[in-house]
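Enquirer: give me a model of this one.
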Amino acid sequence: MPALTVTDPSGKQLNLGALQGQPMLLNLWATWCAPCVVEMPMLDQLAGTKQGELRVITVSQDIRGADVVVPFFEARQFAHLEPWLDPQNHLGASYDGGGVMPLTVLYNASGEEVFRVAGGYHWDSEEALAAIEEALKE
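Expert: Alright, predicted model coming up:
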């Protein structure tokens with residue numbers, strides 16, 4: 001898991017490398033990315049369903065940061081997602097994903113990557129739920 005820090009619109013920081021101990025689904029997205037926009041409600045639902053078992057962290061790669069992310073979140077009224085920001089794209093660069101978004105990585109409680117998806121994905125599919133359940137066992 002990359003030991004990088006992201007911020008929320010108020011400036012609160014989150015060190016991703018310090019989150020070991022609980023499985024985590026890390027999603028890199030942007031407001032202008034159509035597949036990202038489609039995934040966000042599924043990720044919000046997943047975060048609610050797996051609350052306490054799996055932390056779902058969505059990190060915007062929008063260079064305009066909070067100026068575009070805050071209205072996006074307000075319009076969609078997500079119940080379980082937090083608007084984390086990485087406008088300099090440090091996190092995206094650390095994955096060497098070729099700039100494909102969304103990019104989503106599932107980590108087990110030990111901080112080991114167990115599943116990665118580049119591009120749009122159905123987070124409510126049987127395949128996704130099976131991979132998540134396997135990570136929760138580790």
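Enquirer: what's near enough to touch the most centrally placed residue in the chain?
Expert: If you average the C-alpha coordinates of the chain and look for the closest C-alpha using C-alpha atoms, centre = their mean, you land on Asn27, 2.4 Å from that point. Asn27 is in contact with 39, 43, 56-59, 102-104, counting by C-beta atoms under 8 Å, 6 or more residues apart in numbering. C-beta coordinates here come from the backbone N, C-alpha and C atoms, glycine included.
Enquirer: just the closest of the residues you listed to Glu74, please.
Expert: Within the set of the contacts of Asn27, Thr58 lies nearest Glu74; the separation is 14.8 Å, counting by C-beta to C-beta.
Enquirer: which residue is the nearest non-sequential neighbour of the closest one?
Expert: Counting by C-beta to C-beta, 6 or more residues apart in numbering, Thr58 lies nearest to Asn27, which is 4.6 Å off, once chain neighbours are set aside.
Enquirer: looks to me like that neighbour is in a helix.
Expert: No: the assignment for Asn27 (DSSP: H, G, I helix; E, B strand; the rest coil) gives strand, which keeps it out of a helix.
Enquirer: what about it, distance to Pro71?
Expert: Going from Asn27 to Pro71 by C-beta to C-beta, to the nearest Å gives 19 Å.
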